[in-house]
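Trainee: just the structure for this:
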Amino acid sequence: MSEELTIEETFEALEEVLNQMEAQEISLEESFSCYEKGMKLIKYCNDKIDKVEKQIMVLSEEQGDEGL
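Mentor: Have a look, this model is predicted:
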């Protein structure tokens with residue numbers, strides 16, 4: 001992704017891709033293009049979620065250390 005999207009923006013973009021793919025007048029080539037774009041968006045979203053989860057784990061560990 002060339003620009004930083006929020007997780008919410010990524011979900012909105014995925015919804016747009018799905019709507020395009022559900023259109024009956026879409027060609028096979030356009031369908032493949034939408035599929036590829038959707039897969040990239042899913043990977044981007046997964047990467048962002050993984051990053052947030054790791055940050056939460058670090059913060060949780062730091063909170064645990066301070067409580068001792």
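Trainee: so the spatially most central residue of the chain versus residue 27, what's the distance?
Mentor: Centroid-nearest residue in the chain, with Cα atoms, centre = their mean: residue 45, separated by 1.8 Å. For residue 45, the distance to residue 27 equals 26 Å [Cβ to Cβ, to the nearest Å]. Quick note: C-beta positions are derived from backbone N, CA and C, even for glycine.
Trainee: make sure residue 34 is actually in contact with residue 19.
Mentor: No: in this structure residue 34 lies outside contact range of residue 19 using Cβ atoms under 8 Å: 9.5 Å.
Trainee: the two - which one has more neighbours?
Mentor: residue 34 (19 against 10; other Cβ atoms under 10 Å).
Trainee: which strands or helices does the strand or helix carrying that one pack on?
Mentor: Assigned by DSSP states H and E, residue 34 belongs to helix 28-66. Contacts defined by 3 or more Cβ pairs under 8 Å, 6 or more residues apart in numbering; DSSP states H and E place helix 28-66 against helix 7-22.
Trainee: so what's residue 20 up against?
Mentor: 26, 30, 34 (Cβ atoms under 8 Å, 6 or more residues apart in numbering).
Trainee: residue 11: which of those residues is nearest?
Mentor: residue 34 (15.7 Å; Cβ to Cβ).
Trainee: from residue 14, how far out is that closest one?
Mentor: Taking Cβ to Cβ, one finds residue 34 at 10 Å from residue 14.
Trainee: also residue 49?
Mentor: For residue 49, the distance to residue 14 equals 13 Å [Cβ to Cβ].
Trainee: same thing with residue 40?
Mentor: Taken as Cβ to Cβ, the span from residue 40 to residue 14 is 10 Å.
Trainee: could you check how far residue 58 is from residue 52?
Mentor: Distance of residue 58 to residue 52, given as Cβ to Cβ: 11 Å.
Trainee: tell me who's in contact with the nearest residue to residue 37 once chain neighbours are set aside.
Mentor: The shortest distance from residue 37 to any non-neighbouring residue, by Cβ to Cβ, 6 or more residues apart in numbering, is to residue 17 (5.5 Å). By Cβ under 8 Å, 6+ apart, the contact list for residue 17 reads 34, 37, 38, 41.
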